[in-house]
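Asker: Provide a 3D model corresponding to the input given below.
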Amino acid sequence: MAESTLAPTAPAASSAEPTRQVPFFQPHFDITENESELTLYGDLPGVKQDELDVRYENEQLIIQGRVAARNEGLQMLRQEYGIGDFQRTFTIGESINTAAITAEVHNGVLVVHLPKAEACKPKRIAIKAI
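Answerer: Model prediction:
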């Protein structure tokens, strides 16, 4: 991604409910780029579509939601999957066609497509012989 500037941003500190003891985690994301778009792949096992919020505002992509506890009542020997509230914020330093952003979640993977604006796409310049 040499030409793009897509950087994770630290979650904002919240003054609401300072004594709340809900687990908070930051899911992992892979980011790819081609000539037409940036694509984010988020590892969110157990996330439900209705507990997920993805929005783009002020050149930031904000992904937040909640993953409910699972395997309750079982003695856990090791637990590595995140549960509880999560948030990731990415600053997008690239012109994005905000009207065409799409997202889908399937089998615990969130995929967010950020199409580049036409002005940012590489253009081939024709050379004329004179």
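Asker: what about residue 87, which SS state?
Answerer: Taken by DSSP: H, G, I helix; E, B strand; the rest coil, the conformation at residue 87 corresponds to strand.
Asker: Quick check: closest non-adjacent residue to it.
Answerer: residue 64 (4.0 Å; C-beta to C-beta, 6 or more residues apart in numbering). Backbone N, C-alpha and C define where each C-beta goes, glycine included.
Asker: helix or strand for the one you found, which one?
Answerer: Assigned by DSSP states H and E, residue 64 falls within strand 60-67.
Asker: Now do the same contact list for the nearest residue to residue 65 once chain neighbours are set aside.
Answerer: Of all residues not flanking residue 65 in the chain, residue 52 sits nearest, at 4.0 Å (C-beta to C-beta, 6+ apart). Applying C-beta atoms under 8 Å, 6 or more residues apart in numbering, one finds that residue 52 lies in contact with 44, 63, 64, 65, 105, 110.
Asker: One more: residue 109?
Answerer: With C-beta under 8 Å, 6+ apart, residue 109 has these contacts: 41, 42, 43, 44.
Asker: Which two of the residues you listed have the greatest separation?
Answerer: Spanning the widest gap among these are 41 and 44, at 9.9 Å by C-beta to C-beta.
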